[in-house]
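>>> Please find the sequence and the predicted model below.
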Amino acid sequence: MSLRLDWCSHEAAKYAVEHWHYSRSLPAGKLVKIGVWEDDQFIGAVVFGYGANPNLYKPYGLTQQEVCELTRVALKEHKATVTKIISISLKMLKSVAPGLRLVVSFADANHDHIGGIYQGGNWIYSGIAKSTPQYFVKGRWIHQRQLGSLGFSAKNVDFPKRKILDKYRYLYPLDDEMRKQIEPLRKPYPKRGRGEIDNAPQSNEETGGASPTRPLSIKAD
């Protein structure tokens, strides 16, 4: 089995997320998109971005340009471990963003994820990230932070509302000094969720197709 990671287009990442990730949506904003191939077959994408939280960088004394979020790992059925795929993608990310110092990611307890793929890669678990409520708007559930982009405010809407579980926060330092700085934040890893294994089955629903588009030479848009 051959494994290859390379920069991919927006269309390829979008295809992977819509078919093989439980969210079915690609985040907005500037993204770094890395495609994954096994035996020359496109099997998904790893996506980094600034994330939905505009204050993601503040707890670590960094600037916004020094922190990003691993926002999506969207893979169909595959042979390589997710931990290995993420490890390679982190090296690629660092090669095109030398000023980046920290990557943050969240394991979603609402989908029985607890972060096994990050534990396998020696990420630092720093505790629970409090989740905001969701609202049912235009036929779908959206996060409270998305209301503004649709012209609404949580203070004056009367949409159906539901609470969701908190998420598990994981940190990956990209240099030795950053690791020393955040190592004191490390907490014992939570136990693996009953629905999560290394291959993250909730993210691997196979709905067809090989590579929908060729990789592009650009590294971010």
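Nice, I can see it.
>>> quick one: contacts for the spatially closest residue to residue 118 that is not a sequence neighbour?
Using Cβ to Cβ, 6 or more residues apart in numbering and skipping residues adjacent in sequence, the residue nearest residue 118 is residue 170, 4.1 Å away. To be clear about C-beta, it is placed using only N, CA and C from the backbone, and glycine gets the same treatment. Neighbouring residues of residue 170 by Cβ atoms under 8 Å, 6 or more residues apart in numbering: 104, 105, 106, 107, 115, 118, 123, 124, 125, 126.
>>> Which phi and psi values does residue 136 adopt?
Taking degrees, to the nearest 10, you get phi -90, psi 110 for the backbone angles of residue 136.
>>> let me redo that: residue 62
The phi and psi values for residue 62, taken as degrees, to the nearest 10, are phi -110, psi 170.
>>> Check the one 10 residues further on too.
Dihedral angles phi and psi of residue 72 (degrees, to the nearest 10) take the values phi -150, psi 140.
>>> how about the strands of the chain, start to end?
3-7, 31-38, 41-49, 67-75, 102-108, 124-129, 134-137, 140-143, 161-162, 167-173 (DSSP state E).
>>> TSV for the ones you listed, including mean pLDDT?
Shown next, in TSV, are the strands of the chain (pLDDT from 0 to 100):
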stretch	mean pLDDT
strand 3-7	98
strand 31-38	98
strand 41-49	97
strand 67-75	96
strand 102-108	93
strand 124-129	93
strand 134-137	78
strand 140-143	69
strand 161-162	76
strand 167-173	95
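>>> Can you give me the domain boundaries for the protein?
Using automatic domain parsing, the domain parsing of the chain gives 3-130+167-203, 132-165.
>>> Out of those, which one sits most buried?
domain 3-130+167-203 (a mean of 18; mean count of other Cβ atoms under 10 Å).
>>> Tell me the bridge partners for residue 68.
Beta-bridge partners of residue 68, counted by DSSP bridges, are residue 103.
>>> show me the contacts for it.
32, 48, 49, 50, 51, 93, 97, 100, 102, 103, 104 are the contacts of residue 68 under Cβ under 8 Å, 6+ apart.
>>> dump the residue contacts of the fourth one.
Just to be clear, that refers to residue 50. The neighbours of residue 50, taking Cβ under 8 Å, 6+ apart as the test, are 29, 30, 56, 64, 68, 69.
>>> And those residues, which two are furthest apart?
Greatest spatial distance in the contacts of residue 50: 30 and 56, 13.8 Å, computed using Cβ to Cβ.
>>> circling back to that earlier point, can you lay out the contacts of residue 68 as JSON lines showing distance to residue 14?
Formatted as JSON lines, the contacts of residue 68 follow (distance: Cβ to Cβ, whole Å):
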{"residue": "32", "distance to residue 14": "14"}
{"residue": "48", "distance to residue 14": "15"}
{"residue": "49", "distance to residue 14": "13"}
{"residue": "50", "distance to residue 14": "18"}
{"residue": "51", "distance to residue 14": "18"}
{"residue": "93", "distance to residue 14": "19"}
{"residue": "97", "distance to residue 14": "21"}
{"residue": "100", "distance to residue 14": "23"}
{"residue": "102", "distance to residue 14": "26"}
{"residue": "103", "distance to residue 14": "21"}
{"residue": "104", "distance to residue 14": "22"}
